[in-house]
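**Student:** attaching a predicted model along with its sequence, questions to come.
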Amino acid sequence: MGAAVAAAPQARAAGKDLEIFLARWEKAKVFTLQVADAMPADAYDFKPKTEMRAYGQLMQHLATNNAFYISRFKAGEIPDNLLPSEKFDKETTRKVITESFDFCAAVLKGITAADLDKSYPGRPNTPPQTGWDWVLHAFIHTAHHRGYAEVYLREKNITPPRYSV
């Protein structure tokens, strides 16, 4: 009986992992939109270097790839509104970011701990990865490209929004 009691708090804590992640995902959404909003609409075509994506393209890449990662839980099905866009203006980009974060959150709210431990197909020519791998890819990908976006802002002499957790 003592072992069962000792294991109970650990089991409850493990069940909260996804809940904790979803709270952080919502904060990432808010912060990403703040970074998107910091760039003036007339600068969404700005590139610090010619070989780089324009700001709107960068921010939409962040969003559409996150939908790709989380779509692993839905057999790779991505809604049409989250497929790569032809328009990269501020209004369209904010909409894509919002819809991507919301799509990912909705998918994640519908999965189980077993779904997170299961293997899913990787990218072409890569091995399968667990659900947790795909979830963490999305989170890391967001931080990575949002960091790039802040460099674009600095290149335009704009102070990025303050990071807050």
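**Tutor:** Yes, it's here.
**Student:** all contacts plus neighbour counts: C-alpha atoms, from now on.
**Tutor:** OK.
**Student:** list the buried residues of the lengthiest helix in the chain.
**Tutor:** Longest helix of the chain, by residue count under DSSP state H: helix 131-155. For helix 131-155, the neighbour count (16 or more other Cα atoms under 10 Å) marks 131-135, 137-139, 141-143, 145-146, 149-153 as buried.
**Student:** ramachandran angles for Phe46?
**Tutor:** Backbone torsions for Phe46, taken as degrees, to the nearest 10, come to phi -70, psi 130.
**Student:** do I have it right that it meets Tyr55?
**Tutor:** Yes: the pair Phe46 and Tyr55 passes the contact test of Cα atoms under 8 Å, sitting 5.7 Å apart.
**Student:** neighbour count winner among the two?
**Tutor:** Tyr55 (26 against 19; other Cα atoms under 10 Å).
**Student:** from Ile78, how far off is the spatially closest residue to Asn81 that is not a sequence neighbour?
**Tutor:** Sequence neighbours aside, Val96 is the residue nearest to Asn81 in space, at 7.4 Å (criterion: Cα to Cα, 6 or more residues apart in numbering). From Val96 across to Ile78, the span is 13 Å (Cα to Cα, to the nearest Å).
**Student:** still on that earlier bit, so the residue nearest to Asn81 is in which element?
**Tutor:** Under the criterion of DSSP states H and E, Val96 resides in helix 90-109.
**Student:** for this structure, give me the ranges with low pLDDT.
**Tutor:** 1-15, 165 (pLDDT under 70).
**Student:** neighbours around the residue nearest to Arg154 when sequence neighbours are not counted, how many?
**Tutor:** Nearest non-adjacent residue to Arg154, counting by Cα to Cα, 6+ apart: Pro160, 7.2 Å away. Residues within reach of Pro160, counting by other Cα under 10 Å, total 19.
**Student:** what does Pro48 give?
**Tutor:** Pro48: 15 neighbours (other Cα under 10 Å).
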